[in-house]
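A.B. asks: all I have is the shape, not the residue letters:
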C-alpha cells in the first residue's frame, strides 16, 4: 500500500514541477518518505501513511516540520481524513496518481537549514544516479 501511495504522490509532485527523492535521511537522523524540491527551492516533505494504525503509531512526524517549507501526509483515498492534524496538508494517492486534498501551510525554513537540506538532497540524488549508472563502481567508491 505504501509503495502505491508513494508512486501516486511522486507522479503528482512531478506534474506540479517538483522533483522528489524518496527515503531521504535528514540531519536529525530521521528519514523522510519523500522530500521534494521545486524550481524556486521550496522544500516539501510528504509523509506516507498506509493505514490508520500507521498514523496512530507515528509520533515522529512533527519533527519533519523543521526540515521543510510544507509538510503533507499522503494517504489512500479511503483513509479517514478527520483524524489528520489541521496543520498538515493532505494528498490522496493511489498507484496511478494523486491529488492535493488540502494544501499544507507555508512555514519557511531558515536559510542555513534550507542550504544544508538542499545540499543533502542534491548529494543523495546524485549518488543514486551514480549507483544506477555504474553499480559496481559506485559500490567500490563507498568502501
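C.D. replies: All right, it came through fine. Keep in mind it's a predicted model, so treat the numbers as computed, not measured. Numbering: from 1, shown residues only.
A.B. asks: tell me which helix or strand of the chain sits lowest on mean pLDDT?
C.D. replies: helix 135-142 (a mean of 65; mean pLDDT, DSSP states H and E).
A.B. asks: got a list of contacts for the one helix or strand residue 132 maps to?
C.D. replies: Under the assignment given by DSSP states H and E, the secondary-structure element containing residue 132 is helix 111-133. Contacts of helix 111-133 with the rest of the structure, by CB atoms under 8 Å, 6 or more residues apart in numbering, involve 19, 21, 24-27, 35, 37, 41, 43, 66-68, 109, 137-139, 141. All C-beta spots, glycine's among them, are computed from the backbone N, C-alpha and C.
A.B. asks: of those, which belong to strands?
C.D. replies: 19, 21, 24-25, 35, 37, 43 (DSSP state E).
A.B. asks: dump the residues you listed into TSV; add distance to residue 74 as well.
C.D. replies: Compiled in TSV, these are given as follows (distance: CB to CB, whole Å):
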residue	distance to residue 74
19	16
21	15
24	15
25	19
35	13
37	17
43	16
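A.B. asks: quick check: mean pLDDT across the helix holding residue 132?
C.D. replies: Looking at helix 111-133 alone, the average pLDDT works out to 94.
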